[in-house]
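**Q** sequence unknown, structure follows:
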Ligand SMILES: CC(=O)N[C@H]1[C@@H](OP(=O)(O)OP(=O)(O)OC[C@H]2O[C@@H](n3ccc(=O)[nH]c3=O)[C@H](O)[C@@H]2O)O[C@H](CO)[C@@H](O)[C@@H]1O
Ligand SMILES: C=C(OP(=O)(O)O)C(=O)O
């Protein structure tokens, strides 16, 4: 079992470069199945979710050259077959549900086990299934796995209204609809940058996806798709995590390879707190910031404040002055970081549908447990801020989504190491 050990309380400075977006690449990899050809992905983060997806793709018959040091995957999906994938790695990550859309689109059938991923409370997939059914697939359970099969000899385009704004259901529908006959219109689509990234790859592979990034997406299905080369967008959640850390402990930190527009609501919150930043074309410099103010945060779909960033920003809030609350309207049970931060001395608790906190807090190094990916990120930040030694267990969650986190933090002066416990 691995642990992260941090000797906290030291100021940091320097540069951190952001890797490709986890929540994009986990959809881009399954999307390559639609090509029946060779797709090269660049800017791929070296994270365990990518390793898991590569393993699943190889089980399905894909030939993959991987050089994650250089952020590159060359994926040949010509020998992929739609074999049942009920168990194993499939159940360990949420994004495995994208195999449903990709396999259904290319082969007209898919048998894929139930998705896993972080425990954020219930994570239903009814909208995905409803969309596949609307496109002409029949849904059933086969050996504990989801089985989808087209009723006719092809899927057909249709208009789908999403009851809720869902990133996963929007992307899955785009995948299946890319190979359907006719036009599919997704209404009330999610607008996240990751959706645009997936649409860009699909279009480069020969699909016709229009309107990604707005709440109406129009997909004209195509019988054939082909190989392409694509660079993954920068990870706005990784960027937000390091910006929050820089605001809390930095004496001048530059976060590089960021798209500012993807982070506008987050930056607006940092500004409201009193954080000083210089925004450049593809980097953000966080200056030494003092006398920060407590703020309230409500997570909503993009372009609002991202659910994935409410946990990583919490340690920064604990350094501010005043009282505040956080309300996660996407995943209201995304609160696992709260008891661990309280264990480190934070005045933080849950009241009804909110996390409430009173600051400033003097955090003290402690033994804590990462219960999910972004809770883990929050504990790393808390460990850097806290005085003394923090030991974080269950770090496999953190490695699902943060590329070279130890190396990146060491480079700005954090005393952090990974140990075998
Ligand atoms: C809108 C939103 O902020 N989505 C976030 C969500 O995406 P993720 O893809 O996990 O979740 P969705 O965007 O699909 O779901 C948004 C909401 O819709 C509900 N839902 C979803 C699908 C479905 O079939 N039925 C249903 O009820 C979910 O329970 C959730 O409350 O978590 C990801 C990982 O943490 C983030 O990167 C996404 O930005
Ligand atoms: C919770 C997350 O990941 P997943 O949806 O893959 O579990 C996340 O990226 O914050």
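**A** Thanks, I have it. Given the structure is predicted, the values throughout are model-derived calculations rather than measurements. Numbers count the residues shown, from 1 in each chain. Ligands and ions are numbered 1, 2, ... in the order given.
**Q** CA atoms for contacts and neighbours, from now on please.
**A** Will do.
**Q** name the element residue 29 belongs to?
**A** When secondary structure is defined using DSSP states H and E, the element that contains residue 29 is helix 22-31.
**Q** And residue 173, by the same measure?
**A** Following DSSP H and E, one finds residue 173 within helix 167-178.
**Q** same deal with residue 392?
**A** Of the helices and strands defined by DSSP H and E, residue 392 is found in strand 388-393.
**Q** could you give the mean pLDDT of that strand?
**A** Along strand 388-393, the predicted local confidence has a mean pLDDT of 98.
**Q** Give me the angle between the helix holding residue 29 and helix 167-178.
**A** Relative orientation of helix 22-31 and helix 167-178, computed by axes from the mean of the first three to the mean of the last three Cα atoms, to 10 degrees: 30 degrees.
**Q** Quick one: residues in contact with the helix holding residue 173.
**A** Contacts of helix 167-178 with the rest of the structure, by Cα atoms under 8 Å, 6 or more residues apart in numbering, involve 27, 31, 34, 95, 97-98, 100-106, 125, 127-128, 131-132, 135, 155-157, 183-184, 186, 189-192, 195, 198-199, 202, 207-209, 219-222.
**Q** So residue 95 belongs to a helix, correct?
**A** Yes: assigned with DSSP: H, G, I helix; E, B strand; the rest coil, residue 95 falls within a helix.
**Q** who are the neighbours in contact with it?
**A** The neighbours of residue 95, taking Cα under 8 Å, 6+ apart as the test, are 26-27, 115-117, 168.
**Q** Please apply the same query to residue 344.
**A** 363-366, 386.
**Q** quick one on the thing from earlier: filter the contacts of helix 167-178 down to the buried ones.
**A** Neighbour-count burial (16 or more other Cα atoms under 10 Å) is assigned, among the contacts of helix 167-178, to 27, 31, 34, 95, 97-98, 100-106, 127-128, 131-132, 135, 155-157, 183-184, 186, 189-192, 195, 198-199, 202, 207-209, 219-222.
**Q** Out of the residues you listed, list just those in strands.
**A** The subset of the buried ones among the contacts of helix 167-178 located in strands under the criterion DSSP state E comprises 183-184, 186, 208-209, 219-220.
**Q** What strands line up against the strand holding residue 392, and which way round?
**A** Using DSSP bridges, the neighbouring strands of strand 388-393 in the sheet come out as strand 2-8 (antiparallel), strand 367-369 (parallel).
**Q** Tell me which of the ones you listed is the most buried.
**A** Taking mean count of other Cα atoms under 10 Å as the contact definition, the stretch among the strands paired with strand 388-393 with the greatest mean neighbour count is strand 2-8, which reaches a mean of 20.
**Q** Report the buried members of the contacts of residue 95.
**A** Buried by 16+ other Cα under 10 Å: 26-27, 115-117, 168, out of those.
**Q** Point out the least confident one among those residues.
**A** When the buried ones among the contacts of residue 95 are compared on pLDDT, residue 117 comes out lowest, with 79.
**Q** Surely it is within a helix?
**A** No: for residue 117, which was evaluated using three-state DSSP, the result is coil, with no helix membership.
**Q** Contact partners for it?
**A** Taking Cα under 8 Å, 6+ apart as the definition of contact, the neighbours of residue 117 are 91-95.
**Q** before we move on, what about residue 2?
**A** Taking Cα under 8 Å, 6+ apart as the definition of contact, the neighbours of residue 2 are 393-396, 418-421.
**Q** quick one, domains of the protein?
**A** Structural domains of the chain, as assigned by automatic domain parsing, span the residue ranges 2-19+234-420, 22-231.
**Q** before we move on, back to that, turn the contacts of residue 344 into CSV, including secondary structure.
**A** Formatted as CSV, the entries for the contacts of residue 344 read as follows, by three-state DSSP:
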residue, secondary structure
363, coil
364, strand
365, coil
366, coil
386, coil
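**Q** For the most centrally placed residue in the chain, which residues are in contact?
**A** In the chain, the C-alpha closest to the average C-alpha coordinate belongs to residue 23, at a distance of 3.4 Å (Cα atoms, centre = their mean). Residue 23 makes contact with 194, 235 under the criterion Cα under 8 Å, 6+ apart.
**Q** coming back round to it: the contacts of residue 117, buried ones only, as a PyMOL selection?
**A** Selecting in PyMOL just the buried members of the contacts of residue 117, where the criterion is 16+ other Cα under 10 Å, is done with this command:
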select buried, resi 91+92+93+94+95
